[in-house]
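Participant: The following comprises the amino acid sequence and a computationally predicted model.
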Amino acid sequence: KAGVTQTPRYLIKTRGQQVTLSCSPISGHRSVSWYQQTPGQGLQFLFEYFSETQRNKGNFPGRFSGRQFSNSRSEMNVSTLELGDSALYLCASSLAPTSGRNEQFFGPGTRLTVL
Amino acid sequence: GENVEQHPSTLSVQEGDSAVIKCTYSDSASNYFPWYKQELGKRPQLIIDIRSNVGEKKDQRIAVTLNKTAKHFSLHITETQPEDSAVYFCAASIDSGYALNFGKGTSLLVTP
């Protein structure tokens, strides 16, 4: 079974631009979560989607948004990029909340650099 | 919101020794506590997890203990090997596995 995939793997943008990152979960997984990883702040939760609905949201500004499609694939968008948005963005997939199996499996991440 | 603290930030042990990493959490409603291992340049990988209705769980050389009263949980690695060298993250969730709140990580180095 293929693992979680993320595209693109690397991205360079300039301040003020916007960016869209994509995540394809493991087949059969219906929940997708997004995390930001930086050396200073570690792994921080952004948001989680299930059945095309945002179930949980972390403490990030409104410039960070996401969505989930009917095939469970998810995208996150960051608008008006700032230098501090440079990070590794990880998505993780898991089975449905009602499954009783809540382990999250991470993708390889998208390395975003903002210049 | 939930706050997870992890100690130590770095840990160096000799091959064959044991390693212990400790985490505390603030929200007594937390009910799921996974541990992830992240090797350099790779994705975090789940190595063991425990739910709030269990006090201890073991998987070969790895074990996790949970003290709900004190709100802390620990990772124990016995008979460490050089390939155990990585960054280890603890996490806590009040939503049975979703919206994980991570500790800052422990960089473990196992020297031959």
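Facilitator: That came in fine, so what should we check first?
Participant: How about the residues of chain B by chain A?
Facilitator: Residues of chain B lying near chain A by Cβ under 8 Å from any Cβ of the partner chain: B:1, B:32, B:34, B:36, B:42-46, B:49, B:89, B:91, B:93, B:95-105. Placement of C-beta: from N, CA and C, glycine included.
Participant: Find the least confident helix or strand in chain A, judged by mean pLDDT.
Facilitator: strand A:53-57 (a mean of 91; mean pLDDT, DSSP states H and E).
Participant: next SSE after that strand?
Facilitator: Using DSSP states H and E, the helix or strand that follows strand A:53-57 in sequence is strand A:64-68.
Participant: quick one, the helix or strand that comes right after that following strand and strand A:64-68 angle?
Facilitator: The C-terminal neighbour of strand A:64-68 among helices and strands, as given by DSSP H and E, is strand A:74-78. For strand A:74-78 against strand A:64-68, the angle by axes from the mean of the first three to the mean of the last three Cα atoms, to 10 degrees is 160 degrees.
Participant: Enumerate the beta-bridge partners assigned to the most centrally placed residue in chain A.
Facilitator: The residue lying closest to the centre of chain A (Cα atoms, centre = their mean) is A:Trp34, at 3.1 Å. Listed by DSSP bridges, the beta-bridge partners for A:Trp34 are A:Phe47, A:Cys91.
Participant: is it true that B:Phe89 touches B:Arg43?
Facilitator: No - using Cβ atoms under 8 Å, B:Phe89 is not in contact with B:Arg43; the gap is 11.7 Å.
Participant: For the two, work out which one has more neighbours and name it.
Facilitator: Comparing B:Phe89 with B:Arg43 by other Cβ atoms under 10 Å in any protein chain shown, the one with more neighbours is B:Phe89, at 26 against 20.
Participant: residues contacting A:Arg15?
Facilitator: By Cβ atoms under 8 Å, 6 or more residues apart in numbering or on different chains, A:Arg15 lies in contact with A:81-83, A:114-115.
Participant: 10 Å instead, please
Facilitator: A:80-83, A:85, A:114-115 (Cβ atoms under 10 Å, 6 or more residues apart in numbering or on different chains).
Participant: So is stretch A:62-77 next to chain B?
Facilitator: No - using Cβ under 10 Å from any Cβ of the partner chain, stretch A:62-77 never reaches chain B; the gap is at least 13.4 Å.
Participant: So which bits of that stretch are buried?
Facilitator: If you call a residue buried by 16 or more other Cβ atoms under 10 Å in any protein chain shown, then stretch A:62-77 has these buried ones: A:64-66, A:68, A:72-76.
Participant: Give me the below-cutoff pLDDT ranges for the chain.
Facilitator: No chain was given, so I picked chain A. Along chain A, the model assigns pLDDT under 70 to residues A:1, A:97-99.
Participant: wrong chain, I was asking about chain B
Facilitator: B:96-97.
Participant: That one: strands as residue ranges?
Facilitator: Using DSSP state E, the strands assigned to chain B run over residues B:4-7, B:10-14, B:19-25, B:32-38, B:45-51, B:56-59, B:62-67, B:72-77, B:86-92, B:101-102, B:106-111.
Participant: Sweet, I'm off.
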